[in-house]
Structure formats: C-alpha cells, structure tokens
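1. Sequence first, predicted coordinates after that:
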2 protein chains.
Amino acid sequence: MSDLMKRRRDLLGPNVSTFYDDPVHLVRGEGVWLWDAAGRRYLDCYNNVPHVGHCNPRVVDAIAAQARTLNTHTRYLHEGILDYVERLTATFADPLKTAILTCSGSEANDIALRMAEAMTGKRGIVATDATYHGNTTLVSHLSRSNIPEVGFGLAGCFRHVEAPDSYRIEDPDGQRFAARVQEAIDDLEASGTGFAALVVCPLFLNEGFPTQAEGWLRPAAEAARRAGGLLICDEVQSGFGRCGSHFWAHQKQGVVPDVVTLGKPMGNGHPVAGLVTSPEIMARFRTAFRYFNTFGGNPVSCAAAMAVLDELQSKDLQANARHIGLLAQDRLRALAAKHEVIGDVRQAGMVFGAEFVLDRATKAPAADLADRVVNAMRLRGILLSKLGRHKNTLKIRPPMPFDESHLDLLMTTLDIVLTETAVQG
Amino acid sequence: MSDLMKRRRDLLGPNVSTFYDDPVHLVRGEGVWLWDAAGRRYLDCYNNVPHVGHCNPRVVDAIAAQARTLNTHTRYLHEGILDYVERLTATFADPLKTAILTCSGSEANDIALRMAEAMTGKRGIVATDATYHGNTTLVSHLSRSNIPEVGFGLAGCFRHVEAPDSYRIEDPDGQRFAARVQEAIDDLEASGTGFAALVVCPLFLNEGFPTQAEGWLRPAAEAARRAGGLLICDEVQSGFGRCGSHFWAHQKQGVVPDVVTLGKPMGNGHPVAGLVTSPEIMARFRTAFRYFNTFGGNPVSCAAAMAVLDELQSKDLQANARHIGLLAQDRLRALAAKHEVIGDVRQAGMVFGAEFVLDRATKAPAADLADRVVNAMRLRGILLSKLGRHKNTLKIRPPMPFDESHLDLLMTTLDIVLTETAVQG
C-alpha cells in the first residue's frame, strides 16, 4: 500500500472508496485536463463537477474577488443571492420561480422530500432501483444500490421501482414504467404510509441514461399527480445544459416537475447546490419548517454559481454538448461495427457511453470487461468510469468544454483498448 | 417594504428570516468590520463564521491559489485532506484521530447520529431543550426551539432535557443535569426505541453559555456511557479556540466525547465542516454506511481550513479569546453595577454577554429590553444579538481578532444604550 493510501486509511477510516485500485494522485487541473504527481496528463472524460472546465479562470476570479470583498449569511441582505436566483429561475418554466440555496445536492434532496410531506401530509416516496440521490439519513434511502444498515427506521417510507432500460425493456412511451410507479403508489397507500412523491433523475443517468422519446416520463408524472403526490426531478447530474437539447433534462421529458434539485456542477466545484420550486410549495414548506442554511446562498457561492451561468452562456456550451453528443454517438456506432462487445450505444449530449455485452443475442452484461476497459483507458491517460443497472456501461461525462479534438483522442484510444482487450479477453 | 426585501420574498419565499426588521444590507467586510450599501461601518460583535476575521487575506489567498490549481473530490488521492486531518486531529485527545469532512455542520451531525445508531443498534437521542444543531430532516429534531410540522415520523426518537442555566438552576457539579439525562435515557429504553446518544454543545452556547465549573458535564457523560450510548459534542460554535481556555470546549468540560462535530468557523465562511471520532467508531460506521460526499474535503475546502488553523496559531487567537473574555467580564460587571437591568454576566472566552431581567430578586426575564438593546446597538453601528432559554441574554460572539479597542467601543456604546433605554423604559 502506498504511503498516501496508508495515511488515508488511518486518517479517514476504512472503506473510503477510490477510483481504481491504485488511485490517481492528482495535483493540477485545467479545462478538460488533469495532471498527476508524476507530471502525467489525463484527459478527463468523467468529472461533471468542473462543469465549465477545471480551474475555470472566470469562476476562480469570481470566487477570489467576492471572497476578498464580503462573505456572510443570508440573514443580512445581499444582492448576490437575488441576482443569481433571478437568473437561475429564468431558465425554468412557470411556476418554478423560487429557490432555496444549500451547500450540497444531498441537502437539496432532503428539503425536497420534506416539501412533499408538507404538501401531502404523507411520507411515502417512490424512486428507481439503481440510482443515487445523496447521503443524508433520509435521502440515502432513495438509493437502493447502497442499502445502509443504519437509517433510523425510515426504510418503510420508500419504494423502489425498476429503472428504465431502453436496451432490454420494451417501453417506448413510458407506460410500463408508469404502471410500475402506480403499483408502488398503491402499495404505499395500502400500507398506511401514503404517497408523497416520485423522485427521478430525468436522464436516469446513474442507471445507464437509456434512450427515450421526448415525453417518455409524462405517464409516470401523471400517475404521481393523479395520486396527489409531487414529481421531484433530481437534476444534480443532468442539469445546466448537459443533455444538449435543453438546459434542464426534465424539459426534454416534457414535464414540469414540482421541485427540481440542483448540485454538483452549479459552482464548478465550489460547494453550492439548491432547489427550484413553485411559490405555492415554497410558502407551504416555509410555514411547516423554518429552514436556514448558514453557508447556503452566501455571496461567494452565488458569485461562483453566477460565473458558471456566464461561462455556459458566453461559450454556448449547451450547443457544444449537443454537437459533441451526436458526434460521440457516430464514433461509438463506428466502434460497435468493429467491436462485438458493444451491445448498445447511448448519448444525451455531454453524457454518452457504450454498453458491453458478452453476447449480442442474449445481451448478457460484460461488467468485468467494462472494468478492464476503464483501467486500460486510465493507463493510456483517459479518465472515465462505468455504471448502469448491470454495471457494464461506460460512463463518459466530461466537462462541458470537451471538444472534437478531445473526442477524437478519446475514441481513438478506446478503439485501441477494445482491440487489445479482445485479444487478451 | 424595500425593493431588496420584495425581491427576496418573491425569489426566496416567505418566512426567510432576517436579523432586524429593516435588515442591514452589507457590501464589504474586513477583520471585525462590515460596511453597508450606504457606506456605514459596523463593528461585528456577532458573527463566528468569519472566525479569523472577515475576508482574512491568508484564507482568501489560500482559496484562490488552490482553486486556480486543482479542485476535485476524494475518490482521487490528494495530500490536502490528509495534511489537514492530521493537523486537525492533533488538537484532539486519543482516540479522536479520524475524521470525515462534509460541507455543513448539519451534514456532520447527521452522520454523528448514524454513528450512534451503528454503534448501539438503537435510535434514541437525548438533547437539550433550547439548542440548535442543524437543518437536515433527522438533525432538525434535535432542536425543540423550531418544531417542524414535517419530519418523516422521526420525533419519537428524540427526548429533550432541561438545558443548564447557572443563573436560575442550582446545579454546581452537573448532577441535576445528569439526573435529567438519566430520566430521558430510561424513558427511551422503556419506549423500546433504546438510547443511542447524548448530543450537546459543550458551552451550551445557544442556551446562554451558563457559567460552569470545569468537569461539569462529566456526570451526564458518565450516565450516557453507562447506558451504552455515545456522547456527541457539537463544537460548531464552541470550537477552534473560541472558549479561550482550551482549543475545544469539551476539553474544558473534562470529557472525551465519542464524536465531535465541527462547522461554521472551520473555513472562515467557505462551506467546510466535519467530524472527528475514534478509529473504532469510524470503522463501524464505514461498514454500516458507505458514505461519500462530493464536495467534502476537496482541495479548496482543505486549503481554506488549513489557512484558518495557520491564522489561529500564528496570531495566538485562542489566547486573545481568553484575554478578551476576561476583560469583557470586568466591563460587563462594571455595567451591571450601574444598570439594574443586568441580572447576570457570563463569558467563555470570545463569547460573552449579559442577561437582562425586569427585577433582580425575581430574575424575571426582560426579553423585550434585550430586543430594544440589540436594535439600538445596530443604530449605533454595532452588530450583536440575543439568545438563551428566555431570549433575554445578549449574545456577543465576535470574530477571534476582536481586540481591546473593539471591546472598548462595544462597552462604551452599550453603556450609552442601556442609559438611554432605561430613560425610555
């Protein structure tokens, strides 16, 4: 074990997960590039937190300038949070025009669930079965992929439904998914817990970002509303233009959620997150719960978040996401024609990937192969990961300034690695 | 209503609390000073988040330098978090030698409660009756002062005991408090919930920072341990040298907690927080719950937090807190000799205040007077607040570089305001 890994285990405890068995030791970042302690450069095809690029100068300058001027909480008045929330909510349809700012997406989802309880008087939450929504005691129950031993008896409030899977499950218009949601709602109502909300990532990103027609989520959203519950869209990963076609992925799904939660990319790494909702839900929640967050919406966080919006807009990075997503799909399809292991190719703008299978006929997942590819790519200086219901899908989710030259390096290297892996296989 | 207040209500919702009915509109901070939009200067005698002073250059430079170099999460290796946790845990006694870093004190307390469940297999938590520990669904139940209508049915896990009050309750050695804690433990055990942890701020700061002999908390800590539960000390307000005599207030109480949670002052306003615990508890928690926090412990947060420790040490601000606390006590006692409304004077280093009473014999709280004093002080350019079990105690909790000249301005102004208020009275 390396010295750093040993110090890490002693100081941070066991089971602190890393990427790769011999994790990369990073020292510098710039744009879509990262450098390790040995001076080796990596193309970052994975990290969405540095949304407008690692160490983006506009964001760093905004943070430094505001931190030098004033940083305090929202019990005093400051224009920063008002200017930002005005600009943020302008990207949402009516009635999504009010916001709470927090430090993390977990805190935002934790509030969203309380909003559902405040609006419905009920506590039953439906989520998909291979997702992740955060780490508070309440919110961690949304994620069946990491069932905690501890949780203050909250498990009874949650039901998990089969996540969509466009490669394996026939559900072109979302009716099957809506029926599953309805079953979970009925079960919660029958249990006495009652139904409060359906929570989804509108790209189902952790579950393999299935290919879906526009409006696919509508039947499930209607089932939730018919039962008197809220639709909560967690756009922590999918938002801020990543899906290319729209600024928010729920817009692609043709739904207007009751609450949208935001996080990781919002401040390009500065800890700022939040949620957007209607004045009606906000007023009800603010009556039921006097929420205050010391750091949430402070002037520095708002300066960082505003700079991210400026950068997205001035460089039209949403259009870049759309353009690169389509090119990536072409390149991945070309690789699929050459490499039998690629069973399916999927993209939603600046998130794209390939699902590896042992056999195209049976679609048996090749999770081990995905692991080998991820590790081989790292050795060739490219950082990416894998995910999905069967843990066999490459997760390629680069910073938004990822361009054609970066895509070419990624795909050329992937071709080499797939060729080598097939030989070793 | 001012334009800013209207925008605030529209964008952030109703009931978003402010200080003062006509809140201060801040634009700049430096050291212990704040400036409003009209150019008016205020002496900040309230804010503990800017622990080493507003816009402290060492901290701002550290944030800017690291944000320009690299900011990423802890699934890659980086020395920043290891160097910081090593330095942080060196200030704690054995076995408190491992840490988790988060974005907020709320997230830290949320983890601490799960650690208690993981260690005991039980869910009953005992807290004091006028405290505040944070805003997640679970943690908000610790605060009886803000009983939420929403809470996913968790209220049954919590019991609140009478907070200490050295001015009104005879309990010189903490035996009475320990007996109250024991009653709550017995009640939790009888209810079937079982007892998992006692959670306290070791200064009982929100409850009026009562005067206590060293070791006062020991009997209650022993009751908690005897019952198989954990002692969790929330040092979000009391830590990092504020109490003057010790770096952590639990050290003044003569106890070694099982978990210590940290927050607000840790990064001087940068959203970083965390907890420190033993390797045994960390290992048990990390087995029961695979916790990951995207922003927690990132290189910029750790740079900010390290700069705070550097600044505290190089300027010996803990000694300053001790010195100023004793001087403040003398000045407040001199004011008490002159102003009948001051019923009691208390200090714990860089937190000090006076309890206002209508009558020294009955000790009837004068909460309205405290409000008038807080507002009159603001009009004279001094920011402070009030708190306590009876909401009648001045809360003076300035940034740590607060010096004798600042104290003199504060006390001279307070003398004038008390004289005027008595006339208006």
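-> Yes, it's here. Computed from a predicted structure; not experimentally measured.
2. end-to-end on stretch A:36-47?
-> Start-to-end span of stretch A:36-47 (C-alpha to C-alpha, to the nearest Å) is 15 Å.
3. Break chain A into its domains for me.
-> A:3-52+A:316-424, A:57-314 (automatic domain parsing).
4. Mean neighbour count, those: which tops it?
-> domain A:57-314 (a mean of 23; mean count of other C-beta atoms under 10 Å in any protein chain shown). Placement of C-beta: from N, CA and C, glycine included.
5. That one - what's its average pLDDT?
-> Mean pLDDT, computed over domain A:57-314, is 96.
6. for stretch A:27-41, same thing?
-> 98.
7. Can you name the residues in contact with that stretch?
-> A:24-26, A:42-45, A:50, A:53-56, A:381, A:383, A:398-399, A:401-402, A:406, B:69-72, B:78 (C-beta atoms under 8 Å, 6 or more residues apart in numbering or on different chains).
8. rewinding a little: which among the domains of chain A is found nearest to residue B:196?
-> domain A:57-314 (9.4 Å; C-beta to C-beta).
9. how far is that closest one from where the chain is centred?
-> 10 Å (C-alpha atoms, centre = their mean, to the nearest Å).
10. and what of stretch A:319-336?
-> 20 Å.
11. can you redo the domains of chain A as TSV with distance to residue B:231?
-> Listed next are these as TSV, based on distance: least, C-beta to C-beta, whole Å:
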stretch	distance to residue B:231
domain A:3-52+A:316-424	20
domain A:57-314	18
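12. Tell me which of the ones you listed sits nearest to residue B:363.
-> Per C-beta to C-beta, nearest to residue B:363 of the domains of chain A: domain A:57-314, 28.8 Å.
13. mind checking the end-to-end distance for the closest one?
-> End residues of domain A:57-314 are separated by 14 Å (C-alpha to C-alpha).
14. sorry, back to before: of all the domains of chain A, which lies closest to residue B:63?
-> domain A:57-314 (5.7 Å).
15. Could you pick out the residues of the stretch 101-250 of chain A near chain B for me?
-> For the stretch 101-250 of chain A, the contact set with chain B under C-beta under 8 Å from any C-beta of the partner chain comprises A:103-107, A:110, A:113-114, A:117-118, A:123, A:135-138, A:140, A:146, A:148-154, A:157.
16. now the helices for the stretch 301-425 of chain A?
-> A:317-338, A:367-379, A:404-424 (DSSP state H, counting those that start in this stretch).
17. where's residue A:216 relative to residue B:233, distance?
-> Counting by C-beta to C-beta, to the nearest Å, the gap from residue A:216 to residue B:233 is 50 Å.
18. got the phi/psi numbers for the residue lying closest to residue A:19 once chain neighbours are set aside?
-> Leaving aside its chain neighbours, residue A:19 sits nearest to residue B:75 (4.7 Å; criterion: C-beta to C-beta, 6 or more residues apart in numbering or on different chains). Per-residue torsions, residue B:75: phi -80, psi -10 (degrees, to the nearest 10).
19. pretty sure residue B:75 contacts residue A:23?
-> Yes: Residue B:75 lies in contact with residue A:23 (C-beta atoms under 8 Å); the separation is 7.3 Å.
20. returning to what we had before: which one of the domains of chain A lies closest to residue B:413?
-> Closest among the domains of chain A, using C-beta to C-beta: domain A:57-314, at 19.6 Å.
21. Need the pLDDT of residue A:3.
-> pLDDT, residue A:3: 89.
22. and the residue of the stretch 301-425 of chain A found nearest chain B, what does it touch?
-> Across the stretch 301-425 of chain A, the shortest distance to chain B (C-beta to the nearest C-beta) belongs to residue A:301, at 7.1 Å. Contacts of residue A:301 were listed using C-beta under 8 Å, 6+ apart, and they are A:101, A:103, A:267, A:270, A:271, A:272, A:295, B:271.
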